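J.: Okay, structure incoming, though there's no sequence with it:
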């Protein structure tokens, strides 16, 4: 949907699969037989909305009850919020900052991308490109999921909390995030262009001959999204190989 290239027949099959995996309580779990997971349930609900299922469908009603009982979108994990932000259903201001300039930190720096594991780098580097551009693909009204908020978001949802005291690690990292957001909003970012070029080249250099990145789905998905944000057309050879790799990652049944 984000790239504007939906295969309706595959989408129908994916929706059918999701509905078969829904638990009796209306949720979806991370593993077979596991407990309902809030973020996974939000993502499944959103996918079904994109596939055309109305909010008053029985499966959607059950899922929504579970989601709202667990706190709604504001309690979801960061990756879920990023998926929603891509479509304007969550504010990019509520997503933790990750300046693209981190690409330029030398290996000897206390924090640098090569302190992360290989699979983490392959996931985070393209994601930093997406987060630096903050794209929004507007949805038609029927596909929106604002009903998954317990209440409308407020600016204070993304600021300091007193629940465990003022001086806490949580408030420390919230403070750091606020400072990074001030920096990211500045029109003066002399190293952003260079950092973006380095990230783009990293993505291109690390695509496997099979078209994937590290053989893991998050890295593959984020790389395709990042290249799209950088202006690569869907029929560009790198994009075509990446999309084919994602397609090959799926096992398709007959229904």
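T.: Alright, I've got the coordinates. As the structure is a prediction and not an experimental result, all values here were calculated from the model.
J.: I figured residue 90 hits residue 77, correct?
T.: No: with contact defined as CB atoms under 8 Å, residue 90 and residue 77 do not form a contacting pair (11.8 Å). Every C-beta, even on glycine, is put in place using the N, C-alpha and C of the backbone.
J.: who has more neighbours, the two?
T.: More crowded of residue 90 and residue 77, by other CB atoms under 10 Å: residue 90, with 23 against 13.
J.: Break down the chain into its helices, ranges please.
T.: Ranges of helices in the chain, per DSSP state H, are 8-21, 38-50, 58-69, 78-85, 118-133, 169-184, 192-205, 217-229, 237-248.
J.: quick one: which of those has the weakest pLDDT on average?
T.: Mean pLDDT values for the helices of the chain show the minimum at helix 169-184, a mean of 82.
J.: before we move on, back to that, closest one to residue 1 among the helices of the chain?
T.: Closest to residue 1 of these, according to CB to CB: helix 38-50, at 5.4 Å.
J.: What lies in contact with the closest one?
T.: Applying CB atoms under 8 Å, 6 or more residues apart in numbering, the contact partners of helix 38-50 are 1, 11, 14-15, 18-19, 21-22, 26-30, 55, 57, 59-60, 63-64, 66-67, 70-71, 73, 75-77, 79-80, 83-84, 89, 139, 142-145, 148.
J.: From those, list just the buried residues.
T.: Buried by 16 or more other CB atoms under 10 Å: 14-15, 18, 22, 26-28, 55, 59-60, 63-64, 66-67, 70, 73, 76, 80, 83-84, 89, 139, 143-145, 148, out of those.
J.: So residue 51 sits against residue 14, correct?
T.: Yes: the criterion here is CB under 8 Å, and residue 51 meets it with residue 14 at 7.2 Å.
J.: which ones are touching residue 131?
T.: 82, 92, 95, 97-98, 100.
J.: Roughly how far does it sit from residue 85?
T.: Distance, residue 131 to residue 85, by CB to CB, to the nearest Å: 9 Å.
J.: From residue 17, how far out is the nearest residue to residue 11 once chain neighbours are set aside?
T.: Spatial nearest neighbour of residue 11, excluding adjacent residues (CB to CB, 6 or more residues apart in numbering): residue 51 at 5.2 Å. Noted for residue 51: a distance of 11 Å to residue 17, by CB to CB.
J.: who has more neighbours, these two?
T.: For residue 51 versus residue 17, the count of surrounding residues by other CB under 10 Å is larger for residue 51: 18 against 12.
J.: what's the more buried one in contact with, if anything?
T.: 11-12, 14-15.
J.: Just flag the most distant two among these.
T.: 12 and 14, at 7.3 Å, using CB to CB across those.
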